[in-house]
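1. Okay, predicted coordinates and the sequence, questions at the end:
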Amino acid sequence: MVTIRIEYEGDLHCRAVHGPSGAVLRTDAPADNHGKAESFSPTDLVATALGSCILSVMGIKAAAMEVDIRGATATIDKEMVSEPSRMIHKLAVHIQVPHKLSDRDVKILEATAYTCPVHKALHGVEMPIRFSWG
């Protein structure tokens with residue numbers, strides 16, 4: 001179990017401390033929802049979690065396959081809706097791997113992306129993943 005302690009600092013700013021490491025992360029509400037967009041919003045962190053999770057599980061699999069995906073990037077376009085309530089509607093993911101890999105390795109790594117625990121947990125959110133290789 002991991003404990004994360006979050007403190008509300010006022011003006012829609014929060015400070016989160018990661019228990020195991022002590023790393024600090026700050027959030028702000030987005031400009032379109034009363035904030036100043038001075039940092040990641042809570043829903044931005046969901047998008048960030050999705051992208052970093054996908055790259056992490058792909059990295060684990062790539063290492064086991066002795067394949068190099070260093071330099072791979074994830075770009076996530078987050079779409080919000082306000083009806084029936086304000087929520088994330090879509091997280092469109094684009095994974096770019098700068099290396100040319102075999103068709104077999106590409107197929108395995110693309111399938112692995114969908115095993116990301118964050119992707120599995122976000123029910124009701126569209127999450128198409130597009131890949132670019134080499």
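-> Arrived safely, thanks for sending. Numbers count the residues shown, from 1 in each chain.
2. now the lengthiest strand in the chain: mean pLDDT?
-> Longest strand of the chain, by residue count under DSSP state E: strand 87-97. When pLDDT is averaged over strand 87-97, the result is 97.
3. what does stretch 100-118 give?
-> 97.
4. Who are the contact partners of Glu9?
-> Residues near Glu9 by Cβ atoms under 8 Å, 6 or more residues apart in numbering: Arg15. Glycine gets a C-beta too; all of them are placed from N, C-alpha and C.
5. all strands of the chain, in order?
-> Going by DSSP E, the chain shows strands at 4-10, 13-18, 24-28, 73-81, 87-97, 129-133.
6. Looking at the ones you listed, spot the one closest to Glu66.
-> Proximity to Glu66 (Cβ to Cβ) singles out strand 87-97 among those, at 15.1 Å.
7. neighbouring contacts of the closest one?
-> Taking Cβ under 8 Å, 6+ apart as the rule, strand 87-97 contacts 43, 46-47, 50-51, 54-55, 58, 69, 71-81, 109, 113, 122, 125-134.
8. Let's see that with 6 Å instead.
-> Strand 87-97 is touched from outside by 43, 47, 50, 69, 72-79, 81, 125-133, with contacts defined as Cβ atoms under 6 Å, 6 or more residues apart in numbering.
9. Give me the buried entries from those residues.
-> Thr43, Ala47, Leu50, Ile69, Ala72, Ala74, Ile76, Lys78, Val125, Met127, Ile129, Trp133 (16 or more other Cβ atoms under 10 Å).
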